[in-house]
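Q: Mind folding the following:
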Amino acid sequence: MTRPMLPAALLLLAACSGGEDKSQHDDTAATASLQEAERAAPAATTIDADLPEPAGEAPANPEPPTATDGQTIPAAIRGRWALKPADCAAKKGTDLTALTIDATNLRFYESHGELGRVRISEPGRIDADYKFSGEGATWDRRMQLDLADGGKTLVRRDQGEGATAGPMRYTRCT
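A: Purely as a prediction, here's the structure:
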């Protein structure tokens, strides 16, 4: 009983795959080309961006060279600044709008920001992340500090949640 079914099954299989229909062949070739392209696309576009660069190799898109070390606040930006010029002459503790900047810190009246990740560093500009603390709280803030007016003015721009809207202009204290 199984013997007569075997030749019939083989005939059916041969009928399905036998003979070439020109239009079916063209569709198959087109489908195969599309499938090949789809398989190739992910391999070409998959990038392990989160993996660190291998030691000793230059990154694919190196940062442009800067005149700073990229790990500290540029020297031209360091010093004492105030939103109100009168606060430059005020006694410490009453200088409510004063900002003192050193190599790695921003010190405000009631808060302190420690330099974290430097994103852009140029002689008269820094864009970086800071870890802040003050009045019993801690928070992260990204800030851009730019010199203007030949170094007499510091323009501060905050970014992120809780950031001050718009730029703030500080006067350099002498």
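
Q: ranges for the strands of the chain?
A: Taking DSSP state E to define them, one finds strands in the chain at 79-82, 98-101, 105-107, 112-122, 125-134, 137-148, 153-159, 168-172.

Q: Output the longest one in CSV with nothing but the alpha carbons.
A: I take that to be strand 137-148. The C-alpha trace of strand 137-148 is given here as CSV (Å, rounded to 0.1, in the frame of the first residue of the first chain):
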residue,chain,number,x,y,z
ALA,A,137,20.0,69.1,46.9
THR,A,138,22.0,67.7,44.0
TRP,A,139,21.4,68.0,40.2
ASP,A,140,23.1,67.8,36.9
ARG,A,141,23.2,70.7,34.5
ARG,A,142,24.7,71.3,31.0
MET,A,143,26.1,74.8,30.6
GLN,A,144,27.7,76.8,27.8
LEU,A,145,30.0,79.6,28.8
ASP,A,146,31.1,82.1,26.2
LEU,A,147,33.3,85.2,26.5
ALA,A,148,32.1,88.4,24.7
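
Q: For it, list every residue counted as buried.
A: Arg141, Arg142, Met143, Gln144, Leu145, Asp146, Leu147 (16 or more other C-beta atoms under 10 Å). Placement of C-beta: from N, CA and C, glycine included.

Q: Looking at the strands of the chain, spot the one closest to Gln71.
A: Of all the strands of the chain, it is strand 112-122 that lies closest to Gln71, at 6.5 Å by C-beta to C-beta.

Q: what are the pairing partners of that closest one, and which direction each?
A: strand 105-107 (antiparallel), strand 125-134 (antiparallel) (DSSP bridges).

Q: coming back round to it: and of the buried residues of strand 137-148, the nearest to Pro123?
A: So of those, ranked by how close each gets to Pro123 (C-beta to C-beta), first place is Leu147, at 8.4 Å.

Q: which residues sit in contact with the residue nearest to the closest one when sequence neighbours are not counted?
A: Using C-beta to C-beta, 6 or more residues apart in numbering and skipping residues adjacent in sequence, the residue nearest Leu147 is Gly124, 3.9 Å away. Gly124 makes contacts with Pro74, Ala76, Ile77, Asp146, Leu147, Gly151, as judged by C-beta atoms under 8 Å, 6 or more residues apart in numbering.

Q: just Gly151 next, same as before
A: Counting by C-beta under 8 Å, 6+ apart, Gly151 has contacts Ala76, Gly124, Arg172.

Q: will you turn these into CSV that also has distance to Lys84 and pLDDT?
A: Converted to CSV, the contacts of Gly151 look like this (distance: C-beta to C-beta, whole Å; pLDDT from 0 to 100):
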residue, distance to Lys84, pLDDT
Ala76, 22, 97
Gly124, 23, 96
Arg172, 13, 97
